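Visitor: Provide a 3D model corresponding to the input given below.
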Amino acid sequence: MMAGRGVPSGAAGGPARHRPVMLREVLSTLSPRDGEVFLDGTFGAGGHTRALLTAANCRVIALDRDRTAIALGADLVAAMNGRLVLVQERFSNLDKAALRLGFDALDGVLLDLGVSSMQLDQGERGFSFRHDGPLDMRMGGEGPSAADVVNEWPEADLGRVLSALGEERRARAVARAIVQARLESPISRTGQLAEIIRRVVFARPDEIDPATRSFQALRLLVNEELEEVARALHAAERILKPGGRLAVISFHSLEDRIVKTFLTARARAASPSRHQPDVVKATPTFALSQKKAMVASDEEVRENPRARSARLRVATRTDAAIPADDPLAGLMARIPSLDRTRRR
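Guide: Model (predicted):
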């Protein structure tokens with residue numbers, strides 16, 4: 001899974017021009033107007049943020065948990081003359097970040113999920129097996145690393161994570177191979193882990209690298225990415241003003257399932273209990289612009305293959321009060337997480 005937020009490597013070895021994914025659709029959905037305030041929860045290389053600021057005389061609060069992305073955005077902050085504020089923060093705390101800056105209601109929130117190609121291209125970050133480096137994978141640098149997980153977790157837990165988060169068909173075999181390999185020496189490099197996986201997962205020449213799904217699972221786990229998505233959706237619901245627009249770009253079925261489940265539930269009036277038929281139905285907190293996710297155009301996919309798996313879901317905040325229930329509780333309980341494993 002890869003978002004279009006990073007700076008992909010060019011053919012000549014240098015950075016290529018950044019291509020924010022589904023930019024036209026995002027701008028159409030958020031429809032920025034002068035004086036409005038938006039929050040980009042996933043700044044990355046700043047492509048979507050720059051486009052919002054160019055489209056109208058609006059303001060943008062941009063978040064990223066990666067300190068490198070924040071540092072690289074300094075020139076854009078300077079160029080925008082006070083219209084852009086960059087904050088190193090998880091997007092699950094987007095409402096708190098806005099409140100700290102004095103904004104208690106926003107006109108729009110954008111979430112471009114996944115890992116940026118900028119992170120993938122830095123071997124020392126340990127996100128990708130394309131560039132050998134320390135087995136890290138942490139976006140913000142805090143918490144257990146991928147090396148901690150593969151060297152310390154029980155085989156059964158490893159297998160469960162690889163199956164649930166990576167949809168790896170041979171998850172148990174990969175977990176067994178990891179445990180056997182770490183008995184000989186700690187697994188500390190991305191290339192080392194990739195080779196262990198390739199010994200037990202085979203792929204035809206036209207298929208993705210056998211290590212892809214396992215690396216994805218570890219990255220999702222270490223960064224608590226799916227939990228972050230769930231929390232961010234609730235945070236956006238709290239901070240958007242009536243008429244405020246929400247746009248979420250996902251790149252993987254697990255992410256998209258969370259977004260779809262939340263927005264579908266919040267756009268549907270809750271049915272009263274059959275035991276209390278006189279209870280008034282809860283008013284939907286979101287109105288869906290369309291039921292199905294938007295996908296990138298064929299032209300965009302040809303020009304930017306990273307957009308191939310992108311799915312954009314959009315919704316508009318109503319003036320309804322937020323219900324007490326959590327429509328994601330059941331789904332998230334089935335997803336492996338660092339916290340639940342530590343409590344075992």
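Visitor: going forward, measure contacts and count neighbours with C-alpha atoms only.
Guide: Fine.
Visitor: how far away is Q180 from E237?
Guide: Separation of Q180 from E237 (Cα to Cα, to the nearest Å): 46 Å.
Visitor: quick one, which of the two is more surrounded?
Guide: Shown here are Q180 and E237; by other Cα atoms under 10 Å, E237 has more neighbours (25 against 13).
Visitor: what residues are up against that one?
Guide: Contacts for E237 (Cα atoms under 8 Å, 6 or more residues apart in numbering) come out as T285, R317, I322.
Visitor: in which helix or strand would I find it?
Guide: Per DSSP states H and E, E237 falls inside helix 225-239.
Visitor: next SSE after that helix?
Guide: Once the chain leaves helix 225-239, the next helix or strand it forms, by DSSP H and E, is strand 240-250.
Visitor: Partner strands of that next one, with direction?
Guide: When pairing is defined by DSSP bridges, strand 240-250 lines up against strand 106-112 (parallel), strand 311-317 (antiparallel).
Visitor: so after the helix or strand of the chain with the lowest mean pLDDT, what's the next helix or strand?
Guide: Scoring the helices and strands of the chain by mean pLDDT, DSSP states H and E places helix 117-120 at the bottom, with a mean of 48. Sequence-wise, the next helix or strand downstream of helix 117-120 (DSSP H and E) is helix 146-152.
Visitor: Could you export the following helix or strand past that following helix as CSV, CA atoms only?
Guide: Toward the C-terminal end, the helix or strand that comes next after helix 146-152 (DSSP H and E) is helix 155-166. The C-alpha coordinates for helix 155-166 follow below in CSV (Å, rounded to 0.1, in the frame of the first residue of the first chain):
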residue,chain,number,x,y,z
GLU,A,155,5.2,-17.4,16.5
ALA,A,156,1.4,-17.6,16.8
ASP,A,157,1.0,-13.9,17.2
LEU,A,158,3.3,-13.2,14.2
GLY,A,159,1.3,-15.5,12.1
ARG,A,160,-1.9,-13.8,13.1
VAL,A,161,-0.6,-10.4,12.2
LEU,A,162,0.8,-11.4,8.8
SER,A,163,-2.5,-13.1,7.9
ALA,A,164,-4.9,-10.3,9.2
LEU,A,165,-2.9,-7.2,8.2
GLY,A,166,-0.9,-8.5,5.2
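Visitor: pLDDT (mean, whole number) over the next helix or strand after helix 155-166?
Guide: Downstream of helix 155-166, the first helix or strand assigned by DSSP H and E is helix 171-184. For helix 171-184, the mean per-residue pLDDT is 98.
Visitor: For helix 171-184, give me every contacting residue.
Guide: So helix 171-184 is in contact with 150-151, 154-156, 158-160, 162-163, 187, 193, 196-197, 200-201, going by Cα under 8 Å, 6+ apart.
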